[in-house]
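**Student:** task: produce atomic coordinates for the following.
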Amino acid sequence: MVLSSAWRAKDGDVALALVNISEDAVPIRYTLTKDDYPIPPSGMVVDSGKATAYDSGRISLDITLAPYDIRVIEAT
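**Tutor:** You can find the predicted model right below:
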């Protein structure tokens with residue numbers, strides 16, 4: 001089971017926190033769009049210290065959370 005939360009900072013950055021509370025790895029395949037989240041049309045996504053660019057107002061996630069893993073993904 002994965003718990004999640006999203007929030008927007010005062011500077012406009014958006015973060016998505018994911019927590020796997022199960023004993024099994026869980027694949028996460030999800031798309032954040034500017035229609036659903038207040039993300040800019042283009043920018044950078046930071047996940048585990050690695051920054052990658054995104055555009056078209058879409059951020060696609062394809063990750064696997066290890067058992068009891070915590071990830072914070074930030075869109076700037």
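**Student:** tell me which residue lies farthest from the centre of the chain.
**Tutor:** residue 23 (21.2 Å; Cα atoms, centre = their mean).
**Student:** for that one, which non-adjacent residue is closest in space?
**Tutor:** Nearest residue to residue 23 in three dimensions, chain neighbours excluded: residue 67, at 5.1 Å (Cβ to Cβ, 6 or more residues apart in numbering). Bear in mind the C-beta positions are built from the backbone N, C-alpha and C, glycine included.
**Student:** which residue ranges form the strands in the chain?
**Tutor:** 2-8, 14-20, 26-33, 43-47, 50-54, 58-65, 70-75 (DSSP state E).
**Student:** just put these in TSV and tack on mean pLDDT and mean neighbour count.
**Tutor:** Output for the strands of the chain, formatted as TSV (pLDDT from 0 to 100; neighbours: other Cβ atoms under 10 Å):
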stretch	mean pLDDT	mean neighbour count
strand 2-8	93	12
strand 14-20	95	18
strand 26-33	93	13
strand 43-47	93	17
strand 50-54	93	10
strand 58-65	92	15
strand 70-75	94	17
